[in-house]
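Chemist: kindly generate the corresponding structure for this input.
(one chain, ligands or ions: 1)
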Amino acid sequence: MTFVRRMVQQALRVSVRNAFPLVKWMERWAESAAAPPLGSARQAVRTLDDMPGPTAASFAWDLFARGGLSRLHELQLEGVQRYGPVWKASFGPILTVHVADPALIEQVLRQEGQHPMRSNLSSWKDYRKLRGHNFGLLTAEGEEWQEVRSLLGKHMLRPKAVEVYDDTLNSVVSDLISKLRFRRSSQGLVTDITSEFYRFGLEGISSVLFESRIGCLDPVIPEETERFIESINTMFVMTLLTMAMPRWLHQLYPKPWKTFCDCWDYMFEFAKGHIDQRLTAEANKIAKGEKIEGRHLTYFLSQTGLPMKTIYSNVTELLLAGVDTISSTMSWTLYELSRHPEIQDALREEVLTVLEGRRIPDNTDVARMPLMKATVKEALRLYPVIPANARVISEKDIEVGGYLIPKNTLITLCQFATSRDPAVFQNPDDFHPYRWFNKDEAHHPYASVPFGVGKRSCIGRRIAELELYLALSRILMEFEVKPDPEGNSVKPMTRTLLVPENAINLQFVER
Ligand code: HEM
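Modeler: I've put the predicted structure just below:
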């Protein structure tokens, strides 16, 4: 019966495009038919030994010989097809259990405990230990994480606290618009928009962290800014490589680990330089009896009594977290809107209606733009910036999908696979923001969770959404965004995060 159920579920997964409601009903039937009848003995819980998955050798072959490191998101889809919703694989020296079903992801996250841990094997942590840095919010665990999370949460998660950033962010958006105009060719083409949005992301998060501008969107970009962005990019590539390599290989082939450390060194140095400069300027003002505004996050952090080393690592990690995330989401959203002019027109109409003749939206305006929210949500469903999240449950063994997973096992949450699962989303590869309004198309709440859920979810979510909505509204008011007439479709690739594989070029036609 289990075999039949697997076959039916598997067949349904791949053939649901049409007849969607019928298929959903059949799938539920297949699931319930497989459940043990009430009152019967509970099915024996299986162990990791019973779990399907590729051999270590074949997974290593996929990763290294078949370019799998940049195709990790596709390997999720292949994994579901081959093994079903739960499988194990060895990522270099690390055994990880993949979970690729929304209900099972929910099972994991509901058991994540008081201080959830993303991964205890991260090379990011190794680097900090090596250099004697403290951990920031991305890498800290336990009580140490909880303390900073509560402090930062007050300034980053409360709607009222985030509202104050709209003026600051709007001034960065104004510079972005000027920069797009500056970069346009005579046909209005801006090549490689992602790189422009990296700079926008860095300028945006810097303005929130330091309440001062660092010139990323100036016609001539400061060299240190370019180097910081390059360091982030290279560090992400090296993250996967260093994690997939067993430690002894680091001795034999030291280059990836060295490059990885060099990148982090520069990122820490960059952040420290800006923090010291900002805090010194404020100390000087206070010494002169001047009042300081102090609305920026670094100021709030510096008032908490946390050690300076903790402030340095947190600001470094926040700077890092605000760059690729914003850049990828902006790039994919505009890429899809350029290919769906009818949706772009409707969205522009929504923006114009809400603004009633004004040119610059604020936080209350964007809160009244449902299609804007659905559009970004849909872009993040198709291209989740973090295609695979992770959890390590250290307190106890847990049961997931009928398997007993020993404590301290790395569990990979296959968010790319669930957000493109045809059993959850009709025509999952289509860009269709209106699906989020369709009450008949009920989605499992854990199928597309681009910001994560629960205590350890993205702390920058509100700032990110505000920044994205403000920027997209203004771009759509100023320009008609069209595809590159000579461009091809662009696919995503994994570089720890999900980013465009090739340059996205778009036409920005003056309205
Ligand atoms: C579209 C934009 C963004 C997306 C999709 C995104 C997504 C995520 C995801 C999936 C996580 C992991 C959540 C989990 O483990 O459950 C995360 C964590 C985090 N994000 Fe974001 N993020 C975005 C923007 C930002 C920005 C702009 C910042 C900084 C202001 C930021 C700061 C962080 C931090 C510090 C964490 C770690 C939180 C913790 O461990 O407590 N993110 N983000």
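
Chemist: ok, longest helix in this protein?
Modeler: The longest helix of the chain (DSSP state H) is helix 255-287.

Chemist: which other helices and strands does that one contact?
Modeler: Helix 255-287 makes packing contacts with helix 123-131, helix 193-210, helix 223-244, helix 297-302, helix 308-321 when contacts are defined by 3 or more CB pairs under 8 Å, 6 or more residues apart in numbering; DSSP states H and E. All C-beta spots, glycine's among them, are computed from the backbone N, C-alpha and C.

Chemist: one more pass at 7 Å, please.
Modeler: helix 123-131, helix 223-244, helix 297-302, helix 308-321 (3 or more CB pairs under 7 Å, 6 or more residues apart in numbering; DSSP states H and E).

Chemist: out of those, flag the one nearest S327.
Modeler: Within these, the stretch nearest S327 is helix 223-244; the backing value is 9.1 Å (CB to CB).

Chemist: only C-alpha atoms, please: export that closest one in CSV.
Modeler: The C-alpha coordinates for helix 223-244 follow below in CSV (Å, rounded to 0.1, in the frame of the first residue of the first chain):
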residue,chain,number,x,y,z
GLU,A,223,36.6,51.8,-4.5
GLU,A,224,35.9,50.4,-1.0
THR,A,225,32.2,50.0,-1.8
GLU,A,226,33.0,48.0,-4.9
ARG,A,227,35.4,45.9,-2.9
PHE,A,228,32.9,45.3,-0.1
ILE,A,229,30.3,44.1,-2.7
GLU,A,230,32.9,41.9,-4.4
SER,A,231,33.8,40.4,-1.1
ILE,A,232,30.2,39.5,-0.3
ASN,A,233,29.9,37.8,-3.8
THR,A,234,33.1,35.8,-3.5
MET,A,235,32.4,34.9,0.2
PHE,A,236,29.0,33.4,-0.8
VAL,A,237,30.6,31.3,-3.6
MET,A,238,33.3,30.1,-1.1
THR,A,239,30.8,29.4,1.6
LEU,A,240,29.4,26.3,-0.2
LEU,A,241,32.8,25.2,-1.4
THR,A,242,34.4,25.4,2.0
MET,A,243,31.5,23.6,3.6
ALA,A,244,31.5,20.8,1.0
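
Chemist: can you map out the strands along this protein?
Modeler: For the chain, applying DSSP state E gives strands covering 86-91, 94-99, 189-190, 389-392, 398-400, 403-405, 410-413, 479-483, 492-495, 497-500, 506-510.

Chemist: redo these as a markdown table? Include mean neighbour count, distance to Q111 and mean pLDDT.
Modeler: Below are the strands of the chain laid out as a markdown table (neighbours: other CB atoms under 10 Å; distance: least, CB to CB, whole Å; pLDDT from 0 to 100):
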| stretch | mean neighbour count | distance to Q111 | mean pLDDT |
| --- | --- | --- | --- |
| strand 86-91 | 21 | 15 | 91 |
| strand 94-99 | 21 | 12 | 93 |
| strand 189-190 | 21 | 46 | 96 |
| strand 389-392 | 21 | 9 | 96 |
| strand 398-400 | 18 | 5 | 95 |
| strand 403-405 | 19 | 10 | 96 |
| strand 410-413 | 24 | 10 | 96 |
| strand 479-483 | 20 | 43 | 97 |
| strand 492-495 | 21 | 27 | 93 |
| strand 497-500 | 21 | 26 | 94 |
| strand 506-510 | 18 | 43 | 96 |
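
Chemist: I'd assumed G68 was in contact with L240.
Modeler: No: look at L240 against G68 with CB atoms under 7 Å: they stay out of range, at 9.8 Å.

Chemist: could you list every residue that touches P500?
Modeler: By CB atoms under 7 Å, 6 or more residues apart in numbering, P500 lies in contact with T194, S331, V490, P492.
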